[in-house]
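[1] give me the fold of what follows.
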Amino acid sequence: MKIIILGAGQVGATLAEHLAREENDITVVDTDGAKLRELHTKLDIRTVTGAGSYPIVLRQAGCEDADMLIAVTNTDEINMIACQVAHTLFRTPTKIARVRSTAYLTRKGLFAHEAIPIDVLISPEQVVTDHVRRLIEHPGALQVLEFAGGLVQLVAVKAFYGGPLVGQDLAFLGKHMPNVETRVAAIYRRNRPIIPRGDTIIEADDEVFFLAARRDIRAVMSELRKVERDFRRVVIAGGGNIGERLAEHLEHSHQVKIIEHSLERCTTLSERLDRTVVLHGSATSKRLLEEENIEDCDIFCALT
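    Below you'll find the predicted structure:
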């Protein structure tokens, strides 16, 4: 496969290394010639120095017959324009772009074939934000993944003594909860996977991965462990992109405080967020933590 990677930073370089090992034809584009030379000495790839959104640079990189464009420069606008140029001028079949700014990500319909033609959108900050948010929404869960637009979730939970299903076989779950559609997808026991069957007995400390509709998650979790009370008071250490997005998601349903060391950033967060309390200081300051009764919070998220 012929792949063009825009950006020779940590993400671009790692992608180039892995994809080159799989015998793909890789070309990396960046404005930093030194980074490209370093990559070229380690990998069997082509490099092109220039701005990845310029048509002439994309042509030099071989975009006319490329199978895929991966735009992971540090600038959202360059990544988006590069995908637009690749689509309009070169009809590149698959376009992947990293976009970080919430200002773009919250606009529905912006990333579509008839608008900005990006086939796969990557937002690392949003991935982390969603992961933390789901864990807060399901106290006691080890991991939560969403499918079908969030209607179905895959949840990992540790089984505890006292859970109705602990000591029972998996077939018991269907009998005990006949109106709930759920499937146990995997079980990890003492760090080793077990293929779940109807006669598999759940033991305490098993990590159980199950699929269920979002509305039934808490009911299934209650079969494996005592369900913890909902988290209400959330403290976020760090007011960067992830901290801001998490606060934005939670502030209308939770009591949220952000601790941020930059006074300028505190001012910005106070203007952007509606109900979140923004505190200026260090998350390691004992005085601040005591004054704000941080020990009474339900969950502390360190995102600095």
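
[2] in the stretch 201-304 of the chain, which spans are helices?
    217-221, 241-250, 263-272, 286-291 (DSSP state H, counting those that start in this stretch).

[3] of all these, which one comes closest to Leu6?
    Between Leu6 and the helices of the stretch 201-304 of the chain, the tightest spacing by Cβ to Cβ is seen for helix 241-250, at 21.0 Å. C-beta: built from backbone N, CA, C; applies to glycine.

[4] how distant is the closest one from the center of its chain?
    13 Å (Cα atoms, centre = their mean, to the nearest Å).

[5] and it with helix 263-272, angle?
    20 degrees (axes from the mean of the first three to the mean of the last three Cα atoms, to 10 degrees).

[6] point me to the residue sitting closest to the centre of the chain.
    Of all residues in the chain, the one closest to the mean position by Cα atoms, centre = their mean is Val127, 1.5 Å from it.

[7] average model confidence for stretch 18-29?
    What stretch 18-29 shows for mean pLDDT is 93.

[8] which residues sit against that stretch?
    1-8, 12-13, 16, 36, 39, 43-50, 52, 57-58, 61-62, 66 (Cβ atoms under 8 Å, 6 or more residues apart in numbering).

[9] go on, stretch 140-149?
    With contact meaning Cβ under 8 Å, 6+ apart, stretch 140-149 is reached by 130-131, 134-135, 137-138, 152-158, 207, 209, 211, 221, 225, 227-228.

[10] low-confidence regions, the chain specifically.
    Residue ranges of the chain with pLDDT under 70: 227, 283-284, 286, 289-292, 294-295.

[11] change it to 80
    By pLDDT under 80, the low-scoring segments of the chain are 102-103, 105-109, 112-113, 149, 162, 176, 225-230, 282-298, 304.

[12] any idea how far Arg275 is from Glu260?
    Remark: distance between Glu260 and Arg275 (Cβ to Cβ, to the nearest Å) = 16 Å.

[13] no no, Phe90
    As judged by Cβ to Cβ, Phe90 and Arg275 stand 47 Å apart.

[14] ok, those two, which is more surrounded?
    Relative neighbour count places Phe90 above the other of Phe90 and Arg275, with 18 against 13, counting by other Cβ atoms under 10 Å.

[15] who's in contact with the nearest residue to Leu303 once chain neighbours are set aside?
    Residue nearest to Leu303 in three dimensions, not counting chain neighbours: Gly238, with 3.9 Å by Cβ to Cβ, 6 or more residues apart in numbering. By Cβ under 8 Å, 6+ apart, the contact set of Gly238 is 258-260, 283, 302-304.

[16] take the residues you listed and write them to CSV, including distance to Phe172.
    Conversion of the contacts of Gly238 to CSV gives the following (distance: Cβ to Cβ, whole Å):
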residue, distance to Phe172
Ile258, 45
Ile259, 46
Glu260, 49
Ala283, 45
Ala302, 39
Leu303, 40
Thr304, 45
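
[17] most surrounded residue in those?
    Taking other Cβ under 10 Å as the neighbour criterion, Ile258 ranks highest of those with 29 neighbours.

[18] quick check, His249 in contact with Arg133.
    Yes: contact criterion Cβ atoms under 8 Å: His249 and Arg133 qualify, at 5.2 Å.

[19] that older thread, show me which of the contacts of stretch 18-29 are buried.
    3-8, 12-13, 16, 36, 39, 43, 45-50, 52, 57-58, 61-62, 66 (16 or more other Cβ atoms under 10 Å).

[20] and the closest residue to Gln126 other than its chain neighbours, what does it touch?
    Using Cβ to Cβ, 6+ apart and skipping the chain neighbours, the partner closest in space to Gln126 is Leu105 (6.2 Å). Contacts for Leu105 (Cβ under 8 Å, 6+ apart) come out as 99, 121, 123, 126.

[21] among those, name the ones in helices.
    Judged by DSSP state H, helices contain the following of those: Gln126.

[22] export the contacts of Leu105 to TSV and append columns for distance to Asn293 and neighbour count.
    TSV is the format used below for those (distance: Cβ to Cβ, whole Å; neighbours: other Cβ atoms under 10 Å):
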residue	distance to Asn293	neighbour count
Val99	38	23
Leu121	40	19
Ser123	34	20
Gln126	31	18
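
[23] out of the contacts of Leu105, which one sits closest to Arg215?
    Nearest to Arg215 among the contacts of Leu105, with distances taken as Cβ to Cβ, is Gln126, at 23.9 Å.

[24] what's the distance between the closest one and His176?
    Look at Gln126 and His176: by Cβ to Cβ, they are 37 Å apart.

[25] that older thread, tell me which of the helices of the stretch 201-304 of the chain sits most buried.
    Highest mean neighbour count among the helices of the stretch 201-304 of the chain (mean count of other Cβ atoms under 10 Å): helix 241-250, with a mean of 22.
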